[in-house]
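Novice: After the sequence you'll find the predicted model.
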4 protein chains.
Amino acid sequence: MTNFASDNVTGVSPEIMDALVSANNDHATMSYGADRWTDSLSSKVAEIFETDVTVFPVISGTAANVLPISSLTPAYGSIYCHKEAHINVDECGASEFYTGGAKLVPLAGDHGKFSVTALENAIFGRGVPRHAQPALVSLTQTTEAGTLYQPEEIAAITEVARKNDLKVHMDGARFANAVVGTGCSAADLTWRSGVDVLSFGATKNGAMGAELVVFFGTPNVKELENRRVRGGHFISKMRFLSAQLAAYLDNDLWRRNAQQANDMAQRMTNFLSNIPKIEFIHPVEANILFMTMPKGMVVALKEAGFEFYEMLPGEERSLVRLVMSFNSKQSDVDRFAEIAKQYRA
Amino acid sequence: MTNFASDNVTGVSPEIMDALVSANNDHATMSYGADRWTDSLSSKVAEIFETDVTVFPVISGTAANVLPISSLTPAYGSIYCHKEAHINVDECGASEFYTGGAKLVPLAGDHGKFSVTALENAIFGRGVPRHAQPALVSLTQTTEAGTLYQPEEIAAITEVARKNDLKVHMDGARFANAVVGTGCSAADLTWRSGVDVLSFGATKNGAMGAELVVFFGTPNVKELENRRVRGGHFISKMRFLSAQLAAYLDNDLWRRNAQQANDMAQRMTNFLSNIPKIEFIHPVEANILFMTMPKGMVVALKEAGFEFYEMLPGEERSLVRLVMSFNSKQSDVDRFAEIAKQYRA
Amino acid sequence: MTNFASDNVTGVSPEIMDALVSANNDHATMSYGADRWTDSLSSKVAEIFETDVTVFPVISGTAANVLPISSLTPAYGSIYCHKEAHINVDECGASEFYTGGAKLVPLAGDHGKFSVTALENAIFGRGVPRHAQPALVSLTQTTEAGTLYQPEEIAAITEVARKNDLKVHMDGARFANAVVGTGCSAADLTWRSGVDVLSFGATKNGAMGAELVVFFGTPNVKELENRRVRGGHFISKMRFLSAQLAAYLDNDLWRRNAQQANDMAQRMTNFLSNIPKIEFIHPVEANILFMTMPKGMVVALKEAGFEFYEMLPGEERSLVRLVMSFNSKQSDVDRFAEIAKQYRA
Amino acid sequence: MTNFASDNVTGVSPEIMDALVSANNDHATMSYGADRWTDSLSSKVAEIFETDVTVFPVISGTAANVLPISSLTPAYGSIYCHKEAHINVDECGASEFYTGGAKLVPLAGDHGKFSVTALENAIFGRGVPRHAQPALVSLTQTTEAGTLYQPEEIAAITEVARKNDLKVHMDGARFANAVVGTGCSAADLTWRSGVDVLSFGATKNGAMGAELVVFFGTPNVKELENRRVRGGHFISKMRFLSAQLAAYLDNDLWRRNAQQANDMAQRMTNFLSNIPKIEFIHPVEANILFMTMPKGMVVALKEAGFEFYEMLPGEERSLVRLVMSFNSKQSDVDRFAEIAKQYRA
């Protein structure tokens, strides 16, 4: 089976698995983050982002989102995000839960991105007791549609946020793919464009299960630590979380893994865009492809051993999502494309 | 350094690390638990507990507690537990958070155990709108004091629970040590004694980070699944969680690891109880020792490279906790005891 | 000053004030609802609604909404309502708070009403752990736009709700105006059309501060009672709440008051719709009028002593809301209309 | 029937009922507190307390407690209060709910009062992520036992609070009785002794349903306003709430009413303490009496038309509570005492 269903179906990058084995051979450590892997994280991240940071390793993407979101949003606050954002659709109300009942205000927008205007029109109620209070904007980068915000788009959004006294969170479950896809620096895509806190994903890009909350500026560390425990996200053998993240950040592994995923996505796109029966739905800017194809082509590809999501199965045509990963192989891409090309209705 | 500070400072049991490496070499899998390791868990657990079970793998002990607790306790409910219980003292209000504001009613009792009478006296307010409603009893086994409830003690407590229409949760972060320590079956210590749900720990006993919620009877699975996502505890690459747990349950690893920890605790106890300057605070029934010793002895042991907790540092004597683990070595125990024995004020 | 700003700027209906004075002269009572006024409520309501009911008197419209909503919606649930609904916009996230973090899904629709199709398109995620679970539909009757759902419109919506296993709540802060405006029975507008629970307003229609939660069918009374205390909405001298409601329901006061408000709204509409400079925004079906008028006309009317809301003040024209109440006077309506008519740009 | 069951079974003080009638005759007002009664409150309170205050009128004692408590306590905070405090026992977890899951730490202590030592011993965990964070002390004055804290007792407690960076809340549902009972000024019993915020009760002392949150110092007004809406406690026709409170504060009505209640309690105590079969449980310092008496005496008094609570009914003797109110009559007290005196086993 070749699995293009998601970048979370993949296993662990060898470098990261090695780091786990190696961390297990070191006995001079304590629990709950009093270990040298955890200690090393903030300086590694500071180097990559070219600024001081405060970091919190956590185990899941949802945890990496809700920890900062709940720290920056009062229970009576409003959170503005794209209507298809993971925090709005795929976390079963985690942000509502962790904030104590904040309101997610869904914004429309093509290709997974909301516009400055959509945001401006939605901000509402400041200072009026009966309205939820504007608190936070959350951007997703890479978006759920596999597209990217350019730094100037981010800056335009964060400018509206500043004017309205909102904090800015970036859900970067696929942040590495965005860095590679835009060709911009990690700094340009975040704090230099006005982002306050980033959920920097590693799991989808080669870790076993590790994400990093990265604060630019000065968060309320004590409060975040209490919230982390309270959520059940303060991991006792934290060194194994931090060892994954350290290996991910070392030697540009995060970039190299994302490069491979994006390259394979581009290669696949190049092939498939020449097949008239396939119609792309969103621009392919990172490692995810959305397209419609004939139902028969779906069947043929699945019979050939490819696993992928039919987002909207149809009788004639289906909406299909392919996700390329750090370990997607060129030969699998080529074979997929060949089968699609050979398909006759 | 030899570390007796906690059983969570240890690394990963070799069998479990091997299972992680091995799971990474298998590519025919999907995310979020649609994998063969997760599939295998309930039958493994059913065999050990001699009954049907519903299981939920999670990443932390707090998650393993709050997932079932919040499923069984309404927001306006009362939870009865020992005043030193982990859920009351060491999870920063996680149970209050996940339930939406339930009330933890702390019960007193010697050696980490509360009595039937303490429970009966605390139950209060059923059917009266202005009082929180009795909902759940939570027992800790092995207790925070390192002691054990015998099956008949559990049964006496659960009988009070049944009469008062309360559910019964067991925090079994060190459940394996309790099975070994009591010499009873897993079934006798849980459902046969009236326990509804167990948080079955693995992390402190050799896993990297994995705990298993074990429901006896028929939980509201859908609700629990939603709560798990919402808490950020639905792990995408769940096979690596389940692979740890599968290896833990296979070939009696969970028992063997606990046996080693308990044996070392017993060996240490035998040595230290002959040293007049040391006074034990609680009976040593599993893998944890509490004692007071002269401050100078603490210093001597730390200088010799032993790490452990001074729970209450004093000028003359300190309250000390030692925790033995699956990988505690006989030679280290002997050396610790020898230094203690040699100590002259 | 003549105040058309809202129906909650008015005072108390004389019959209701008399009832309060009278209730104060009766000393044979107990607190917390053990009094004859509270006892009498359910039979009075049952007669009006032609079915058995369970009722809970509360002090505010928000309380009357969140008490049933939080009883029918799990913390991980979705609530579908019009995007302009009071529960979505004007209660500062009360429904999110009382449910423990449920998600309000805003539905679009003209004139304050959402369509069956809008609802069907929004329902989403049943049985999938990562999605919030569809739980409740909330209709507002009279809508925020002053319009009305006809029984067949309600029935079409509740049919979708039933198919999707959703409960149906009606925010009836102005329910009396809807009964009068549609000419339908209270039963036809609620349980006969599939509504499970009604927030039956009295405050805007002549009470001092009293609303009634009316359950058709069999609610979880114990749970609701606990939630009511917990919210701070269990009023000790409840007889004064119930005495208001009893007087409101007696002798058709609720209908007579609403009739006066609706009649005045219709009279005002008849006059103003003949003034070319005024453009109505929504059909006037109950006691609220929305219109745009020249800014100068707004100024002239305010100078003449009329108080009302400019919802969207503009340089040339403003969006204006007028609300008629149980004690709006024909002479004031006529004078308002005359000034508007005389206005020259 | 003469009702000594509670001070909330009474009706409304005539001065307050008159104020309600009068407020209804004034039409030049707006909703939600934009009225002259609400405007007048803070200056009236400032005069009584001899300092600047910020006030929030609410409808219930629970609301008056949870509004400030939730503003001063984070979700991960600890609240220290007497184990019999209303917020711990009689509000069905309202403080846990409004804070988003804070932990109430119950303190023991005779006669409804906790000691400085009990508080000091309970404070715990500051700065440690796994422990709930000390946040607030809540004192009840008049206590649930009908006793009073003297200013120096309050000051000793608030000194501990200050040292530990805790805020201090006073539940003053019967604050007027405490002022009269101690003979101290309102200032001495609150801010001069270190209290940050007072829930100043009126309902039990003659109002229909009105309590006042009184902040000394500078609260986060905006946040409190949002929380008040969100709890359903922002009353539209607020003038009727404020008119009650204004009348309560005017002409010393609050003191006069409390004086009558306390005087009757003292008169009753003087009589009953001479009856050997009656044993007082707590000192009578305000308007509440706790005593045990023979079961037959209870029966005789109830047969004579007196209503009161048997807190702990017994076969031989019962624990009985009597509460005197602003409208308790001397003749009723005398008759009660006479029947008790005449009782022969």
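Specialist: Perfect, I can see it now.

Novice: Show me what from chain A comes close to chain D.
Specialist: Proximity of chain A to chain D (CB under 8 Å from any CB of the partner chain) is limited to residues A:74-76, A:100-101, A:127, A:129-130, A:133, A:222-223, A:225-230, A:234. Bear in mind the C-beta positions are built from the backbone N, C-alpha and C, glycine included.

Novice: switch the cut-off to 7 Å
Specialist: A:75-76, A:100, A:127, A:129-130, A:133, A:222, A:225-230, A:234 (CB under 7 Å from any CB of the partner chain).

Novice: ok, and which of these reach chain B?
Specialist: A:226, A:229, A:230.

Novice: Let me know the pLDDT of the first one.
Specialist: Residue A:226 is assigned a predicted lDDT (pLDDT) of 97.

Novice: would you say it is within a strand?
Specialist: No - checked against DSSP: H, G, I helix; E, B strand; the rest coil, residue A:226 lies outside a strand; its state is helix.

Novice: Can you report how many residues neighbour it?
Specialist: 27 (other CB atoms under 10 Å in any protein chain shown).

Novice: Contact partners for it?
Specialist: Contacts for residue A:226 were tallied using CB atoms under 7 Å, 6 or more residues apart in numbering or on different chains; they are B:92, D:76, D:129, D:133.

Novice: Do stretch A:249-265 and chain B come into contact?
Specialist: No - judged by CB under 7 Å from any CB, stretch A:249-265 and chain B are separated, with a smallest distance of 14.6 Å.

Novice: can you pull the buried residues of that stretch?
Specialist: For stretch A:249-265, a neighbour-count test (16 or more other CB atoms under 10 Å in any protein chain shown) marks A:249, A:253-265 as buried.

Novice: and of the ones next to chain B among the residues of chain A next to chain D, the nearest to residue B:344?
Specialist: residue A:229 (42.0 Å; CB to CB).

Novice: Find the nearest non-adjacent residue to that closest one, please.
Specialist: residue B:92 (4.0 Å; CB to CB, 6 or more residues apart in numbering or on different chains).

Novice: shouldn't the one you found be in contact with residue D:75?
Specialist: No - in this structure, residue B:92 is not within contact of residue D:75 by CB atoms under 7 Å, at 9.6 Å.

Novice: can you tell me the average pLDDT over stretch A:305-319?
Specialist: Mean predicted confidence for stretch A:305-319 is 94.

Novice: Count residues in the vicinity of residue A:186, would you?
Specialist: 24.

Novice: That one and residue A:46 touch, don't they?
Specialist: No - applying CB under 7 Å as the test, residue A:186 and residue A:46 come out as separate, 10.8 Å apart.

Novice: still on that earlier bit, which of the residues of chain A next to chain D are buried?
Specialist: A:75-76, A:100, A:129-130, A:133, A:225-230, A:234.

Novice: Tell me which two in those residues are the farthest apart.
Specialist: Applying CB to CB across these, the maximum distance is between A:130 and A:234, 37.0 Å.

Novice: just to revisit the earlier point, of the ones next to chain B among the residues of chain A next to chain D, closest to chain C?
Specialist: Closest approach to chain C among those (CB to the nearest CB): residue A:230, at 14.4 Å.

Novice: what's near enough to touch that closest one?
Specialist: B:92, B:93, B:94, B:97, D:76.

Novice: follow-up on the earlier one: restricted to strands, list the residues of chain A next to chain D.
Specialist: residue A:133 (DSSP state E).

Novice: Looking at the residues of chain A next to chain D, which one is closest to residue B:167?
Specialist: Checking the residues of chain A next to chain D against residue B:167 by CB to CB gives residue A:230 as the nearest, at 22.2 Å.

Novice: Just give the nearest non-adjacent residue to that closest one, would you?
Specialist: residue B:92 (4.4 Å).

Novice: name the element the one you found belongs to?
Specialist: Using DSSP states H and E, residue B:92 sits within no helix or strand.

Novice: What would the lengthiest helix in chain A look like as CSV? C-alpha coordinates only.
Specialist: When chain A is parsed with DSSP state H, its longest helix is helix A:253-272. Written as CSV, here are the backbone C-alpha positions of helix A:253-272 (Å, rounded to 0.1, in the frame of the first residue of the first chain):
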residue,chain,number,x,y,z
LEU,A,253,15.8,18.0,9.2
TRP,A,254,12.5,19.9,9.4
ARG,A,255,13.3,21.7,6.2
ARG,A,256,14.6,18.7,4.4
ASN,A,257,11.6,16.6,5.3
ALA,A,258,9.2,19.4,4.1
GLN,A,259,11.2,19.9,1.0
GLN,A,260,10.8,16.2,0.0
ALA,A,261,7.0,16.4,0.7
ASN,A,262,6.6,19.6,-1.3
ASP,A,263,8.8,18.4,-4.1
MET,A,264,6.7,15.3,-4.5
ALA,A,265,3.5,17.4,-4.4
GLN,A,266,4.9,19.5,-7.2
ARG,A,267,6.0,16.5,-9.2
MET,A,268,2.6,15.0,-8.9
THR,A,269,0.9,18.2,-9.8
ASN,A,270,3.0,18.6,-12.9
PHE,A,271,2.0,15.1,-14.0
LEU,A,272,-1.7,15.3,-13.1
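
Novice: List the contacts of residue A:125.
Specialist: Per CB under 7 Å, 6+ apart, neighbours of residue A:125: A:131, A:132, A:133, A:134.

Novice: try 6 Å this time
Specialist: Going by CB atoms under 6 Å, 6 or more residues apart in numbering or on different chains, residue A:125 touches residue A:131.

Novice: Could you do residue A:324 as well?
Specialist: Counted by CB under 6 Å, 6+ apart, residue A:324 has contacts A:261, A:264, A:265, A:287.

Novice: Ok, residue A:236 next?
Specialist: Residue A:236 makes contact with A:31, A:32, B:8 under the criterion CB under 6 Å, 6+ apart.

Novice: what's the nearest residue to it if we skip its chain neighbours?
Specialist: The spatially closest residue to residue A:236, leaving aside those adjacent along the chain, is residue B:8, at 3.8 Å (CB to CB, 6+ apart).
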